[in-house]
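Asks: Fold the following for me, if possible:
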Amino acid sequence: MPIRLNTALEATLRERLTSADRALVGGWVCSGSPVMAEIMAGSGLDWVLVDMEHAPNGLESVLAQLHAASAYDVTPVVRVPVGDAVTIKQVLDLGAQNLLVPMVSSPEQAREVVACTQYPPAGVRGVGSALARSGRWNRVPGYLAEAEQHVALFVQIETLAGVERAEEIAAVEGVDGVFVGPSDLAASMGRIGQQTHPEVVDAVHRAFAGVRAANKPVGVNAFDPQAARAYLDAGASWILVGADVALVARGAEQLAADFIPAEPRDEQNTQE
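Replies: Residues are numbered from 1 along each chain as shown. This next block holds a predicted model:
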């Protein structure tokens, strides 16, 4: 009996942002674990970010996490470590439909990244979908001709130079939206570790204004609940509000604080 398959690929984050009537809320998956990816995917969040830039992830672990998330009504996004053609080609061939590329500070960089996601003649993406999960091993009809419809590309502004050119970056054809990273932005401004400093927040708002002027959705990373709500009020269309590793770390610390008695004070040292 022939195998019957659903060959339709999932809606991209671009499509979900377009149809959403509220901001889409997501969480990082930084552990490299498919179990943690599945836990986050089934949490009720709108999207999850599988990180290859600052997490212990390679192609095999990203594939396992995409598999784990695929059973849930959640949109997975993969952040590649760098916007080069080889890495982007490999991650797309894994079946990632939504990419986030870090450290894009100019429209020229943005155009180079767009080219990496598109087949010739529009771009430079290598043709291998017949051998890969991206086109379900030639089971998705017309994948090569329609690949752009199945891929959503987002770039990350993380420098003051990028803020100043946010509208130009967002306006590049093939860029579906921009995500602002306050941590590296703060560092580029000489405010490392001060993501909520008024100068950094002002720069984020300026990036928001530039992206919106180009009529593209803008997102932001904000683990601080007060900052997250303020950015949502300021017009963020998509946001990251936590990470698997941070949730486990803080939860484990709270367990220790709740159940392990505080160390008794050393009376002798107290008197000295």
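
Asks: How about D84: what's its closest non-neighbour residue?
Replies: Distances taken as C-beta to C-beta, 6 or more residues apart in numbering place C116 nearest to D84, at 7.1 Å, with adjacent residues excluded. Bear in mind the C-beta positions are built from the backbone N, C-alpha and C, glycine included.

Asks: gap between the host helix or strand of the one you found and the chain center?
Replies: Assessed by DSSP states H and E, C116 sits inside helix 107-117. Distance, stretch centre to chain centre, for helix 107-117: 17 Å (C-alpha atoms, centre = their mean, to the nearest Å).

Asks: Tell me which residue lies nearest the centroid of this structure.
Replies: Nearest residue to the geometric centre of the chain (C-alpha atoms, centre = their mean): L49, 4.3 Å.

Asks: wait, it sits on L240?
Replies: Yes - between L49 and L240 there is a contact at 6.2 Å, judged by C-beta atoms under 8 Å.

Asks: hang on, the earlier thing: and the helix or strand hosting the residue nearest to the centre of the chain, what does it pack against?
Replies: For L49, the element it lies in under DSSP H and E is strand 47-51. Helices and strands touching strand 47-51, by 3 or more C-beta pairs under 8 Å, 6 or more residues apart in numbering; DSSP states H and E, are strand 24-29, helix 34-41, helix 59-69, strand 75-79.

Asks: tell me the mean pLDDT for that strand?
Replies: On average, the pLDDT along strand 47-51 is 98.

Asks: With adjacent residues omitted, what lies nearest to V113?
Replies: Nearest-residue entry for V113: G83, 4.3 Å, with adjacent residues in sequence omitted and distances by C-beta to C-beta, 6+ apart.

Asks: what's the answer for G126, then?
Replies: The spatial neighbour of G126 that comes closest, neighbours along the chain excluded (C-beta to C-beta, 6+ apart), is K89 at 4.8 Å.

Asks: Equivalent analysis for V241, please.
Replies: Nearest non-adjacent residue to V241, counting by C-beta to C-beta, 6+ apart: A228, 5.1 Å away.

Asks: May I see the buried residues of the helix or strand containing that neighbour?
Replies: For A228, the element it lies in under DSSP H and E is helix 225-233. Going by neighbour count (16 or more other C-beta atoms under 10 Å), the buried part of helix 225-233 is 227-228, 230-232.

Asks: Please render those residues as TSV that adds distance to A69 and pLDDT to the earlier fields.
Replies: As requested, these are exported to TSV (distance: C-beta to C-beta, whole Å; pLDDT from 0 to 100):
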residue	distance to A69	pLDDT
A227	26	97
A228	22	98
A230	29	98
Y231	25	98
L232	24	98
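
Asks: coming back round to it: any common contacting residues for L49 and L240?
Replies: 26-28 (C-beta atoms under 8 Å, 6 or more residues apart in numbering).

Asks: out of those residues, who's nearest G142?
Replies: Proximity of these to G142 (C-beta to C-beta) peaks at G26, which lies at 29.9 Å.

Asks: Looking at strand pairing, list the partners for the closest residue to that closest one other than its chain neighbours.
Replies: Nearest in space to G26, with sequence neighbours left out and distances taken as C-beta to C-beta, 6+ apart, is W47 at 3.9 Å. For W47, the beta-bridge partners are G26, T75 (DSSP bridges).

Asks: Any figure for the gap between W47 and R125?
Replies: Going from W47 to R125 by C-beta to C-beta, to the nearest Å gives 23 Å.

Asks: and W47, how many residues sit next to it?
Replies: 23 (other C-beta atoms under 10 Å).

Asks: What separation do you get for it and T117?
Replies: Taken as C-beta to C-beta, the span from W47 to T117 is 18 Å.

Asks: Likewise for F154?
Replies: Going from F154 to T117 by C-beta to C-beta gives 11 Å.
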